[in-house]
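Asker: build me a model:
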Amino acid sequence: MQYKHQEIEKKWQEYWANNQTFKASEDDDKPKYYVLDMFPYPSGAGLHVGHPLGYIATDIYARYKRHKGFQVLHPQGYDSFGLPAEQYAIQTGQHPAKTTEENIATYRRQLDQIGFSFDWSREVRTSNPEYYKWTQWIFIQLFNSWYNKDTDKAEAISSLITKFEASGNYEVNAACNDGVGSFTVEDWNSFSDDKKQKILLQYRLTFLSETEVNWCPALGTVLANDEIVNGVSERGGHPVIRKKMTQWSMRISAYAQRLLDGLHTIDWPQPLKDAQTNWIGRSQGAMVSFKVDGYDDNIEVFTTRPDTIFGVSFMTLAPEHELVAKITTTKQKAAVEAYIDATAKRSERDRMADVKTISGVFTGAYAIHPFSGEKVQIWIGDYVLASYGTGAVMAVPCGDQRDYDFAKHFGIEIPNIFEGVDISDEAYTDKEKTVITNSDFLNGLSYKKAMKTVINELEQQGIGYGKINYRLRDAVFSRQRYWGEPFPVYYVDGMPQMISDEHLPIVLPQVEKYLPTEDGRPPLGNAEVWAWDTRINKVVENIKIDHKTVFPLELNTMPGWAGSSQYFNRYMDPRNTKEIFSKEAIEYWQQVDLYIGGSEHATGHLLYARFWQKFMFDKGLVPVDEFAKKLLNQGMILGTSAIIHRVSGTNQYVSKRLKENHETDKLRVDVKLINSSDELDIEALKNWQPQFSDAEFILEDDRFIVGREVEKMSKRWFNVVNPDDICEEYGADALRLFEMFLGPLEQSKPWKTSGISGVYSFLKKLWKLYHNGDIFKVVDVAPTKDELKTLHKTIKKVEEDIENFSFNTSVSTFMIAVNELTAQKCCKRAILEPLLVLISPYAPHIAEELWEKLGNTSSISTAAFPVFEEKFLVETSKKYPISFNGKTRFMLELPSDMSQEAIEKTVMAHEKTQAQLQGRIPKKVIVVPGRIVNIVG
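Answerer: Coordinates of the predicted model:
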């Protein structure tokens, strides 16, 4: 009987959908296991064969856990807000919702055809109002909270107001904006409501502030650092500049230490933990105040080396620092302004990464050294960022190489404060061997003693204090886009107010244009009808303000990471309309047990999601403060691009081995135009793109051979392989097995379609194992010890592999097992039935079909995983090669526990031994127990 993969796979995909085979429920009689993929953005291109890699891995594990008796939650949905759909809307006028819906339909079809065991009843889409209602709700909870450093947790803003009403803010230890002034209870009570609101806004966990942002004029929006590549937008390659804008921000910095500490409690890859650790950037040092000469202003500086303070010979401010315009002299004004304009065209990431360029401008102003009283020059330089620390550094060129290079470049003095050290060629950076000199009260002290001494002196004189600082900055939460979550915010007298929970969700309005308005407002400014105008009247009425008054709405939308920061919790109870999830659901599922996705999300989604989870934990909404217990980063399936070489300056193309005879340019062409021998179909190429229609081709042996390069699989490089084509020709089971067979999950590996034929042959051999010609043949006969041995070594290896996520070696194990059972002519139910359960997580369609043929009436997905029994691997006998003078003459099977003497006696008495010896007496008999017997002489 022929293995017809298309019929089989269609049949079982329909069965799973109709019977909701993988629908999860809260079942207290079973242990739970929650498996999750980082949910996809539904792009117009659909899936290529690289995308399912992680999904196949999670699906294997989810199916395995079901076999092991767990109640498994394995949901899927779509991160469906995003810039690509909006850009398409700008170009075509088609609403992003329509584009997104079409793209999701493609994704769903492709995901279904690969046979994933998703619980589709829990599907979520971040762009659906019933979903983003809860994103808006969490935003409101953050707005109504502050971070109490004494209790080290978020608390209701009402508790902060109570503190202000009792004692002002003198005893408040909170995460808040820099520069919050002190006030007494009397002051607080005398403040107007407007002033109180402004003060509270400096403490809220989501707040409005004037922020330096990455502004992309072409896209008309703010971009996050991870949306910028080489100084231009990742989407479209447009220029990005730095500018100040009033933006919503999230006070993630309040959680910096907890985000670091939490990394010790979760099983995540160490490189990813290191990336987050470096991004958070904890450092210990001191805040130091430098007075600006001739002004009442001070420059606050954080330094990790206050012990080197007597080595300060200049200061550098970020070009965007608020004091620059004020203190710059008339003489230096033109140069300073030109430098600021140039800096605005560079992203923060570019400025941080550029360690070679030395640039800066003297402001003409001076600061007063806090201890020596000497004047030090104040410069601006783009290596200092306004958003990091205080936007100012005290430059110690003798102890910092970047300051050293800056000072050398601009001819600034480099005083030496290190005893016995030559700094004529470079800075001295070994703090552990430091002995301070030329530093007044710090002379002769080591690094550690000098640190304690100088911090104490700073605090005694009131000019500084010891501090722990974090590189992690508060996250900008506003985007000037249309296709994103609307804020549940309106404004009264310029102050933000939250729309009441009962009026959520605030639905995205219709607009005719998706670009910013002519007066520079975000795209939502184009909306003529807001679906929630009447709701706002109700809100206004509740706060006893004339409902006829018009209150402006927030026109920005939330960033791409908003919807993905709590989706894993919403999956636990996605159809709940009254609360984000029920207590019963969150208590049962707790957290994600296995999360698989790309490492590129280390300092984006994964950090923001941990922040939201910790906030929700503080509010008593979730039972644990880390959302994912274990995380794995899958590698990348790379494409094998097809390269042709054009003779420079011509429309002539030369075959691969002849290109050395010409000066050539490299071009990529569609891999579909190439056969398995790397030969180009020239006529197909001419029809592919107009530029090739009249091209000339220089052949080798009447063929045109292309070059090959392994690189990222991308539509841009024409090296994408569509899983639809693979499923059509070889089937989903073959695709699943092949992707796992390519190599370890976490490693990147190249795709080569020709390799899948071996896996497809294996599936046909597996099918044949259960058939005798066209007849299904499995019998209820006791298995042999060899058959049992094959089964149980396979059980042992596969279970170990799955538990260790070594899926590639399981595929090899299946191949070995099927080969052995075929050689053994095995057709025993006791062997072949459990074998299907082992294979089922990897190749579920063929396993379901053969399982049904065995007479089972329920899905194989609920069958118990076979239990390994060691006894079937214990060898009771051993076949010995019996050699005469080193040449094997026959084999003899003997008990494994037979002694050396007994082996020799048995071999010598054997009739074949006697026939070989023909009456001769051997010189000696060599017995190696368990291995050989050699008769000499």
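
Asker: now the strands: where do they sit in the stretch 701-850 of the chain?
Answerer: 707-712, 749-750, 771-772, 775-776 (DSSP state E, counting those that start in this stretch).

Asker: for this structure, name the helix or strand with the lowest mean pLDDT.
Answerer: helix 533-542 (a mean of 40; mean pLDDT, DSSP states H and E).

Asker: so E852: helix, strand or coil?
Answerer: Following DSSP: H, G, I helix; E, B strand; the rest coil, E852 is assigned to helix.

Asker: tell me who's in contact with the one residue sitting closest to the centre of the chain.
Answerer: The centroid of the chain falls nearest to H601 when counting by C-alpha atoms, centre = their mean (2.6 Å). Applying C-beta atoms under 8 Å, 6 or more residues apart in numbering, one finds that H601 lies in contact with M38. Where you see a C-beta, it was placed from the backbone N, CA and C, and this is true even at glycine.

Asker: low-confidence bits of this protein, can you list those?
Answerer: For the chain, the stretches with pLDDT under 70 are 226, 530-550.

Asker: can you pull out the helices in the stretch 351-500 of the chain?
Answerer: Applying DSSP state H, counting those that start in this stretch to the stretch 351-500 of the chain gives helices spanning 401-410, 447-461.

Asker: mean neighbour count and distance to Y880 added to these, as JSON lines?
Answerer: JSON lines is the format used below for the helices of the stretch 351-500 of the chain (neighbours: other C-beta atoms under 10 Å; distance: least, C-beta to C-beta, whole Å):
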{"stretch": "helix 401-410", "mean neighbour count": "18", "distance to Y880": "71"}
{"stretch": "helix 447-461", "mean neighbour count": "17", "distance to Y880": "70"}
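
Asker: possible to save these as JSON lines with distance to S145?
Answerer: As requested, the helices of the stretch 351-500 of the chain are arranged in JSON lines below (distance: least, C-beta to C-beta, whole Å):
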{"stretch": "helix 401-410", "distance to S145": "39"}
{"stretch": "helix 447-461", "distance to S145": "31"}
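
Asker: please identify which of the ones you listed is closest to D694.
Answerer: Closest approach to D694 among the helices of the stretch 351-500 of the chain (C-beta to C-beta): helix 401-410, 55.1 Å.

Asker: contacts for that closest one?
Answerer: 313-314, 316, 355, 358, 360, 362, 379, 381, 383, 393, 395-398, 412-414, 423, 426-427, 429.

Asker: and the residues you listed, which of them are in strands?
Answerer: F314, T316, F362, W379, V393, A395 (DSSP state E).

Asker: and which of these is nearest A695?
Answerer: T316 (56.0 Å).

Asker: nearest residue to that closest one in space, ignoring adjacent ones along the chain?
Answerer: Among residues not flanking T316 along the chain, G381 sits closest, at 4.5 Å (C-beta to C-beta, 6 or more residues apart in numbering).

Asker: tally of neighbours for the one you found?
Answerer: Close neighbours of G381, defined as other C-beta atoms under 10 Å, add up to 23.

Asker: swap in V759?
Answerer: 23.

Asker: that one and G731 touch, don't they?
Answerer: No. At 9.6 Å, V759 does not count as touching G731 under the criterion of C-beta atoms under 8 Å.

Asker: got a markdown table for the ones in strands among the contacts of helix 401-410, with distance to D702 too?
Answerer: Output for those, formatted as a markdown table (distance: C-beta to C-beta, whole Å):
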| residue | distance to D702 |
| --- | --- |
| F314 | 71 |
| T316 | 67 |
| F362 | 70 |
| W379 | 68 |
| V393 | 67 |
| A395 | 69 |
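
Asker: out of these, who's nearest A254?
Answerer: Looking across these and measuring by C-beta to C-beta, the closest to A254 is V393, at 24.3 Å.

Asker: V301 against A318, yeah?
Answerer: No. Between V301 and A318 there is no contact under C-beta under 8 Å: 11.8 Å.

Asker: overlap in contacts, the two.
Answerer: Residues touching both V301 and A318 by C-beta under 8 Å, 6+ apart: A392.

Asker: just give me the neighbour total for the nearest residue to F807 once chain neighbours are set aside.
Answerer: In this structure, F807 finds its nearest non-sequential neighbour in M740, 4.1 Å apart by C-beta to C-beta, 6+ apart. When neighbours are defined as other C-beta under 10 Å, M740 has 23 of them.

Asker: what's the answer for the one 4 residues further on, then?
Answerer: Other residues within reach of P744 by the criterion other C-beta under 10 Å amount to 15.

Asker: check G420 too.
Answerer: By other C-beta under 10 Å, neighbour count at G420 equals 8.

Asker: what's the answer for K912, then?
Answerer: With other C-beta under 10 Å as criterion, K912 counts 13.

Asker: before we move on, what about the one 10 residues further on?
Answerer: P922: 16 surrounding residues under other C-beta under 10 Å.

Asker: any idea which element I199 lies in?
Answerer: helix 193-201 (DSSP states H and E).

Asker: packing partners for the helix or strand that that helix is followed by?
Answerer: Under the assignment DSSP H and E, the closest C-terminal helix or strand after helix 193-201 is strand 206-216. With contacts taken as 3 or more C-beta pairs under 8 Å, 6 or more residues apart in numbering; DSSP states H and E, strand 206-216 sits against helix 129-143, strand 221-223, strand 241-250.

Asker: Q257 contacts R282, correct?
Answerer: Yes. Between Q257 and R282 there is a contact under C-beta under 8 Å: 7.3 Å.

Asker: what do the two both touch?
Answerer: With C-beta under 8 Å, 6+ apart as the test, Q257 and R282 both reach I468, Y470.

Asker: angle of the helix or strand hosting T640 against strand 707-712?
Answerer: Taking DSSP H and E as the criterion, T640 maps to strand 637-647. In terms of direction (axes from the mean of the first three to the mean of the last three C-alpha atoms, to 10 degrees), strand 637-647 departs from strand 707-712 by 140 degrees.

Asker: name every strand pairing with strand 637-647 and say which way it goes.
Answerer: strand 652-654 (antiparallel), strand 664-669 (antiparallel), strand 707-712 (antiparallel), strand 749-750 (parallel) (DSSP bridges).
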